[in-house]
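In: Need the 3D shape of this:
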Amino acid sequence: MKKSISYRATLMASLLFGPVTVYPTETPGAIQLPEIIVESNRSSDDWNKEELREQIEQVPGGTNLIDLKEFRGSQGSVARVLEAEPGIVVQEFFGGNDQPRINVRGSGIQDNPVSRGILLMADGQPLNQADGSFIIGLIDPEHSRFITAYRGANALMQGSTTLGGAIDFHQRSAFNSPENAIQFEAGSFGLGRFGVELNRRKGAWDWHLQSGHTQSDGWRDHSDARRSNLALNLGWNSDSIENRTYLNWVDNRFDVPFLLSKERSLSDPESVLGDYNTPFDRFMNVEVRDPYRDTQQWRLANQTTWWRGSNRHQVGIVGDWVEDSFRNPAVQTNTDASNIVLDYRFDRSIDITSLGHSDVSLFAQANHGELPRQYYSVDPGTGQLLAAFADADLEADNATLTAELQQQLATDWHLLVALQLAHHQREINDRLTPGLLDSQFDYTAFNPRIGLNFNARPGQRFFANLSRSSEAPTFWQLAISSPNPNDPLNAHLQINDLKLQTATTVELGMMQEGDTLSWQLAWYYSWVKDELISEVQDFAIDGTTVNYDHRTVHQGVELGLNARANPGFFSHDQLTGRAIYTWSDFRFDGGRYDGNRIAGIPVHLLFTELEYFPVPEFGISLDLRWQPEDTHVDHANAGLQQDQYTLLGAKFSWRPKTGLDLYLELDNLTDETYQTAYVVRGFSPDDPNVPTFIPGPARSIHAGLRLHW
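Out: Model (predicted):
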């Protein structure tokens, strides 16, 4: 990293202490209301479950709320905690916390790994880099107490502009997670995990410190992984102000076993290229070329909230530094990124007798990021790096301004009207051959939104909305490497002249909350213009991204069902069940793929789980994940397909006494051989031996315990 130590120290000091000293105000003459709000805040304004539930119920569209305290079992990866949520599609890569494909409503599905299309946040502050890209493996869900998701343009007020929306990881604090804890986990494929949490509240101060380490040999050859992390959440409260500072460090490293042909993924899924003596094995030898990803991140953030009467203000600042080395079998990129984010939010509640209750919100955010990136070819004989074939200064700037009005029209009717103005700038400067590849891209979008909530009766809500979204390309699409595995000295960098992807979406749905039965249903239809379509060719390392020259259509259904009953076999037994169904029908409307499905996402995906508690302390569950149809891996829909699959799992959880949680999990009970993911192509290759698929993990077992006091 090129920043000096003194520069970092100065910026960290300003992040830590700046907002506290700028806004230490009292609220004279409005004592009662601030006291009520602060009490809610000190019990977690942003973390409290009922508070969060009220927030997402005001959104006329599809949302999710996950309470990780109720999540029995391992929370060691983002994929585990999100795979059973309506509208969120998870495709594992190698079975660990590496780079699973997380997708919402088809945004960014062609990328391998998926690194765009969703805004990831921690307590409302962005985790994405300035160009919109993200590294999913840096997120440890165990640092979170709750997770909320705003699917699609429902995330407009969170600062998202994209088709996929936003996922917010609400961090643990001494208020929402007051217990100290130690946890251990071990399992198949050399899995070992250790974590510790410490909390303290004293006067106006509170802090939560969490640290952990995970390592695994992986179930395939060349798939070792390890991750270490540290998180500090430091808070300070007065009668009308709260300041919270976050410090996070993550070191995430894993080997990449790469892809296999369809035949090899079925006959020997644990193998990698190089284990056999075929031409592809000799040419794309994984052990020699050594693909991997090593990423280290430092993140420092500060957020200050204060109240004046019915007004709420919030100021945030984030500093983020990432060192990322990412190697596929032919090319390695080294990125040394820095990113700074400033945001301001204003909320005001107004009671107007003639018009009903009104809520006004204003959100402004600006960020600047520098992502200098070097590109190297990998010597096919030795695995050593050759001289850099490209060296680019990559700079990204963004500014968004969002205004929203929620107006009560009648007792049970609420109207939402919002408008977002977004501007994005991407600049590329060639440092190897100055001026040769220099480029600048400017994107501006107006994203309006109108929605309606109707509360038919307590616990029942109908909603509808019409929204617009926009997505600027990241540097992974704008500046792409063009490797030549046969002739690495001829690799080069290519600049793509890409437009802004835009979409207009209509959404209808309803939510029902009951004592024994709860469910939510959303249907959406998006007309997408200039969709960013990635097409991988040949060896699965030489893809490019284009704006599709005709319209595309994304439509789908997101259904979640939860039920609870007391069978009566024992005096306090309980039976719970849930079912998640996602239908994704994404198609090309005109052009060279006219009428075909957009490859990358299964059309039907079903998850069900049945859990029985004979006593409150002990539970046993069975789950099923079913992809009932083969799925095309190419946009031409004429070649290779991912096979349908059915996965069965089981879980045992036991809380024998206060302060101790135990769990045992079994995955893929039938040891099914399947493909969990694949590289998305324009056309399937003529040679069936070309690597395309990622085999899914075999049968596995792991157990863990958590001691808390």
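
In: all strands of the stretch 51-200 of the chain, in order?
Out: For the stretch 51-200 of the chain, strands defined by DSSP state E, counting those that start in this stretch occupy the ranges 63-67, 88-91, 101-104, 119-122, 125-126, 144-151, 165-171, 181-187, 191-202.

In: could I get those strands as TSV with distance to residue 49, mean pLDDT and mean neighbour count?
Out: From N, CA and C alone the C-beta is placed, and that goes for glycine too. As requested, those are exported to TSV (distance: least, C-beta to C-beta, whole Å; pLDDT from 0 to 100; neighbours: other C-beta atoms under 10 Å):
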stretch	distance to residue 49	mean pLDDT	mean neighbour count
strand 63-67	6	93	19
strand 88-91	19	89	24
strand 101-104	22	89	26
strand 119-122	18	95	21
strand 125-126	20	95	24
strand 144-151	7	94	24
strand 165-171	10	95	26
strand 181-187	19	95	17
strand 191-202	18	94	17
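
In: how about those strands in a markdown table, adding distance to residue 455?
Out: Below are the strands of the stretch 51-200 of the chain laid out as a markdown table (distance: least, C-beta to C-beta, whole Å):
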| stretch | distance to residue 455 |
| --- | --- |
| strand 63-67 | 15 |
| strand 88-91 | 25 |
| strand 101-104 | 26 |
| strand 119-122 | 27 |
| strand 125-126 | 31 |
| strand 144-151 | 19 |
| strand 165-171 | 23 |
| strand 181-187 | 39 |
| strand 191-202 | 37 |
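
In: Which of these sits closest to residue 269?
Out: Among those, strand 88-91 comes nearest to residue 269, with 15.6 Å by C-beta to C-beta.

In: Any idea what the residue nearest in space to the middle of the chain is bridged to?
Out: For the chain, residue 120 is the residue whose C-alpha lies nearest the centre (C-alpha atoms, centre = their mean; 5.2 Å). Beta-bridge partners recorded for residue 120 (DSSP bridges): residue 167.

In: ok, now how distant is it from residue 86?
Out: 19 Å (C-beta to C-beta, to the nearest Å).

In: Tell me which of the strands of the stretch 51-200 of the chain sits nearest to residue 301.
Out: Closest to residue 301 of the strands of the stretch 51-200 of the chain is strand 125-126 (C-beta to C-beta; 5.3 Å).

In: re earlier: out of the strands of the stretch 51-200 of the chain, nearest to residue 606?
Out: Nearest of these to residue 606, taken as C-beta to C-beta: strand 88-91 at 11.8 Å.

In: Sheet-wise, list the partners of the longest strand seen in the chain with their directions.
Out: Scanning the chain for the strand with the most residues, using DSSP state E, yields strand 385-410. Sheet pairing of strand 385-410 (DSSP bridges) gives strand 356-370 (antiparallel), strand 373-378 (antiparallel), strand 413-430 (antiparallel).

In: Would you point to the one among these that's packed deepest?
Out: strand 373-378 (a mean of 22; mean count of other C-beta atoms under 10 Å).

In: quick one: average pLDDT of that strand?
Out: Strand 373-378 shows a mean pLDDT of 96.

In: contacts for it?
Out: Residues from elsewhere that reach strand 373-378, judged by C-beta atoms under 8 Å, 6 or more residues apart in numbering: 289-290, 327, 329-335, 384-392, 394, 475, 479, 481, 483, 488-489, 491, 493.
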